[in-house]
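J.: the following block contains a protein sequence and its predicted model.
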Amino acid sequence: MAGRLTKRTVDTLKGGQIAWDGELRGFGIRRRESGGAPVYVVKYRAGRGRNAPQRWYTLGTHGSPWTPDTARTEARRLLAEAAAGRDPARAPEARRRLVTVSELCDRYLKAAPTLILARKGRPKKASSLVIDASNIQRHVKPLIGKKSALDLSKDDIERFQRQVAQGRTAAKVKTKPRGLARVRGGAGIAARSVAVLGSVFTWATREGICPVNPVRGVELFQAPRKERFLSGEEIRRLGEALGAAEKAGTNPYAIAALRLLVLTGARKMEILGLQWPWVDFERGTLRLPDSKTGAKAIPLGAPALAVLRTLPRIQGSPYVFPATKGNGHLIGLPRVWQGIRTTASLENVRLHDLRHSFASVAVAGGDSLYLVGKVLGHSAARTTEKYAHVHDDPLRAVADRAARRIAAALDGGKGTVVKLRKRGR
């Protein structure tokens, strides 16, 4: 700004903006993105020289006793202390304001179950919060957990992302008496960990705990895509393996769940958590009251309906795929899948790849990306666009056949000529 902060500055300040005093460098006022009363802040370097760490000090919210004049007076005193080599934020009366990244993350996770996401109009799902907590515990806290949240900069976040991607947090973590989790790095994990930090600091700025979000402007790493589509031959081998497992006495509910996954393109938990009241046989639809993208209807083809009709219902259990023990739903599907895919020689295929395979078969058959996205329940069209290249396969086959015939004619008939079959034969 060219001039002093005034009451007019405060009144015209919009959400997400910071206004700096034109006379006292480092003194400013900011308003949270969510609105509310603006907050006076002081930015300074804790120590001498350009390499000294930059700190933010929150004076207080506009209103008695803080006005532009009283806040400027206090800011001048604090900046004088910093210039003398003393760190105002480390003073006894300010220590209670300091919060480490670990403490900030813990406070966020405690508040997160009731926070309404502006984009979706509802809180994060419990499963998403479990993943957030895991990324915080295994990546954020080990690398930057002890740092002051007020001192964290964009450079710190970018360095953190590089370190996670390089495997600095890779470890073997004991989860149960006989359980072991392998924590790995990589671009995908690094990006998700930074995204969690972005949520933490967005909340912290709205709460007035931190004046700025250091994650803003950080470009997230792009992990290589892992889409894996089964070929026709692989689908045939999968069918044989499922049949062999069924004859060998494998849990019939697990076999049926696998068949339904590949016949519907549904997500794993949408099938495993399926309840009988949600199955509409008359309209051939699964009506899920909730899913990753909210309430959802999954259309069923005749083969999928046939699988459901063969399943016996267990008295007292609402689940289509009940657990072998207890009242819950089936949870041992990954273990069964390991055996099935080994038999079918599909060692590098994940359960989620069955969803990709359903989509690729639909697109390759000529169905539009829009309609396939609707069947899969994609909330954004760009999610379905990853199957666009599959849509080109039938077209490429047409182009190839036509080009071969033309090339044969150009070659004076010396090439191989493909005889066209009449329709109906």
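T.: Ah, there it is.

J.: can you list the low-confidence ranges for the stretch 251-400 of the chain?
T.: Within the stretch 251-400 of the chain, the ranges that satisfy pLDDT under 70 run 293, 363-400.

J.: can you give me the strands in the stretch 151-300 of the chain?
T.: For the stretch 151-300 of the chain, the strands defined by DSSP state E, counting those that start in this stretch occupy 171-176, 179-183, 279-280, 285-288, 296-299.

J.: I should have written the stretch 1-150 of the chain there, sorry.
T.: With strands called from DSSP E, counting those that start in this stretch, the stretch 1-150 of the chain shows them at 18-20, 27-30, 39-45, 54-61.

J.: deepest of these, which one?
T.: strand 27-30 (a mean of 24; mean count of other C-beta atoms under 10 Å). (Glycine included, C-beta is placed from N, CA and C.)

J.: would you map the helices across the stretch 51-200 of the chain?
T.: 68-83, 101-111, 126-135, 141-144, 154-165, 187-206 (DSSP state H, counting those that start in this stretch).

J.: and for Gly198, the neighbour number?
T.: 17 (other C-beta atoms under 10 Å).

J.: doesn't Glu219 make contact with it?
T.: No. Look at Gly198 against Glu219 with C-beta atoms under 8 Å: they stay out of range, at 11.9 Å.

J.: returning to that earlier point: out of the strands of the stretch 1-150 of the chain, name the one with the poorest average pLDDT.
T.: Within these, confidence is poorest for strand 54-61, with a mean of 84 (mean pLDDT).

J.: next, the angle from that one to helix 68-83.
T.: Following axes from the mean of the first three to the mean of the last three C-alpha atoms, to 10 degrees, one obtains 150 degrees for the angle between strand 54-61 and helix 68-83.

J.: and strand 54-61, what other elements does it pack with?
T.: Contact partners of strand 54-61 among helices and strands, from 3 or more C-beta pairs under 8 Å, 6 or more residues apart in numbering; DSSP states H and E: strand 39-45, helix 68-83.

J.: give me the contacts around it.
T.: 37-46, 66, 71, 74-75, 78, 87-89, 94, 97, 148, 150-151, 153, 208, 210-212 (C-beta atoms under 8 Å, 6 or more residues apart in numbering).

J.: please parse the protein into its domains.
T.: For the chain, automatic domain parsing gives the domain ranges 7-97, 101-206, 232-386.

J.: thinking again about what came up before, quick one: closest of the helices of the stretch 51-200 of the chain to Gly332.
T.: helix 126-135 (18.4 Å; C-beta to C-beta).

J.: now distance to Asp290 too, for the strands of the stretch 1-150 of the chain, in a markdown table please.
T.: Formatted as a markdown table, those follow (distance: least, C-beta to C-beta, whole Å):
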| stretch | distance to Asp290 |
| --- | --- |
| strand 18-20 | 39 |
| strand 27-30 | 37 |
| strand 39-45 | 38 |
| strand 54-61 | 38 |
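
J.: Leu286: which of these is closest?
T.: strand 27-30 (48.0 Å).

J.: gap between that closest one and the chain center?
T.: Here the centre of strand 27-30 is set off from its chain's centre by 34 Å, with C-alpha atoms, centre = their mean, to the nearest Å.

J.: when you give positions from now on, start the count at 428
T.: Sure, I'll start numbering at 428, so the last one becomes strand 454-457.

J.: could you dump that strand to CSV, C-alpha only?
T.: The C-alpha coordinates for strand 454-457 follow below in CSV (Å, rounded to 0.1, in the frame of the first residue of the first chain):
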residue,chain,number,x,y,z
PHE,A,454,2.7,-4.5,9.7
GLY,A,455,-0.5,-5.6,8.1
ILE,A,456,-4.1,-6.9,8.4
ARG,A,457,-5.8,-9.9,6.8
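
J.: neighbouring strands for it, and are they parallel or not?
T.: Strands that pair with strand 454-457, judged by DSSP bridges, come out as strand 445-447 (antiparallel), strand 466-472 (antiparallel).

J.: and the ones you listed as CSV, adding distance to Gly455?
T.: Shown next, in CSV, are those (distance: least, C-beta to C-beta, whole Å):
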stretch, distance to Gly455
strand 445-447, 4
strand 466-472, 5
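
J.: quick one: closest of those to Leu432.
T.: Nearest of the strands paired with strand 454-457 (C-beta to C-beta): strand 445-447, 6.3 Å.

J.: what sits up against the helix or strand where Val734 lies?
T.: Using DSSP states H and E, Val734 maps to helix 729-736. Helix 729-736 is contacted by residues Ala683, Arg686, Leu687, Leu690, Thr691, Val706, Phe708, Gly711, Leu727, Val747 when judged by C-beta under 8 Å, 6+ apart.
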